[in-house]
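Student: Here is a sequence with its predicted model. Questions after.
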Amino acid sequence: MQLRNVSPDDVDAYVRMRCDPVMMTDLGGPLPREGMADKVRRDARQADADLAWIKMIVPDPDTADVVAGTVTIWFHDTGNGPISEIGWMVLPEFQGRGLGKRAVRRLLDQARNEDRWGVVHAFPATSNAASNGICRSVGFRFAGEQEVLFAGRTLRTNHWSITVRGEAP
């Protein structure tokens, strides 16, 4: 498995992840296809500028055009100040192979090695057993349930955090 920066060529992968009702079940339903190409271009610019780590999960480096999902760390303001957040998505045909967990672990290891991002938060839906399991297995600490806003939707989530600066999961 390898992680690579998102590129403007990744529109189809974004559409498969973000516009699919099954993929978006725990995130309030599918997003509209319109604007997805612009979203990918914005994400690629952010990744190229190293403002966010927006990585595509490539299960086999020999077939780099096959993408299994994404894993991302970014800063944003919660209204209570800025935080670092990690999120991930794995397409159904690649689920159950440990790719999500390995991708999350690899990105957290990179953050630790570069002494970047400080405390990283994750907010998987309370109903998303797989993502909550990843949080537990890579060393996040459970902070409680919390409502968060995603794409204009209020979601009931579990709040997890991990300090990557100087701490191994």
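Tutor: Happy to help now that I have it.
Student: Just list whatever residues bridge to Ser161.
Tutor: Beta bridges link Ser161 to His121, Arg141 when assigned by DSSP bridges.
Student: ok, now which ones touch it?
Tutor: Neighbour list for Ser161: 119-122, 140-141, 143 [criterion: CB atoms under 8 Å, 6 or more residues apart in numbering]. In short, each C-beta sits where N, CA and C put it, glycine included.
Student: Go again with 7 Å.
Tutor: Contacts for Ser161 were tallied using CB atoms under 7 Å, 6 or more residues apart in numbering; they are 119-121, 140-141, 143.
Student: could I get these as TSV with pLDDT, neighbour count and distance to Gln110?
Tutor: Output for the contacts of Ser161, formatted as TSV (pLDDT from 0 to 100; neighbours: other CB atoms under 10 Å; distance: CB to CB, whole Å):
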residue	pLDDT	neighbour count	distance to Gln110
Val119	95	13	16
Val120	97	23	11
His121	96	21	17
Phe140	98	24	16
Arg141	98	12	20
Ala143	96	13	23
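Student: Can you tell me which of those is closest to Ala64?
Tutor: Of all the contacts of Ser161, the one with the least separation from Ala64 (CB to CB) is Val120, at 26.8 Å.
Student: so the closest one makes contact with Ser84?
Tutor: Yes. In terms of CB atoms under 7 Å, Val120 counts as a neighbour of Ser84; the distance is 4.7 Å.
Student: residue boundaries of the helices in the protein?
Tutor: Under the criterion DSSP state H, the chain contains helices at 11-18, 36-48, 99-113, 129-138.
Student: chain center to the shortest one, what's the gap?
Tutor: Taking CA atoms, centre = their mean, to the nearest Å, one finds the center of helix 11-18 at 14 Å from the center of the full chain.
Student: average pLDDT across that helix?
Tutor: Taken as a whole, helix 11-18 has a mean pLDDT of 95.
Student: and that helix, which residues are buried?
Tutor: 11, 13-18 (16 or more other CB atoms under 10 Å).
Student: now for it, which elements pack on it?
Tutor: Counting contacts by 3 or more CB pairs under 7 Å, 6 or more residues apart in numbering; DSSP states H and E, the secondary-structure elements packed against helix 11-18 are helix 36-48.
Student: Mind doing that once more with 8 Å?
Tutor: In terms of contacts (3 or more CB pairs under 8 Å, 6 or more residues apart in numbering; DSSP states H and E), helix 11-18 is packed against helix 36-48, strand 69-77.
Student: Out of those, which one sits most buried?
Tutor: Sort those by mean neighbour count, taking mean count of other CB atoms under 10 Å, and strand 69-77 sits at the top with a mean of 18.
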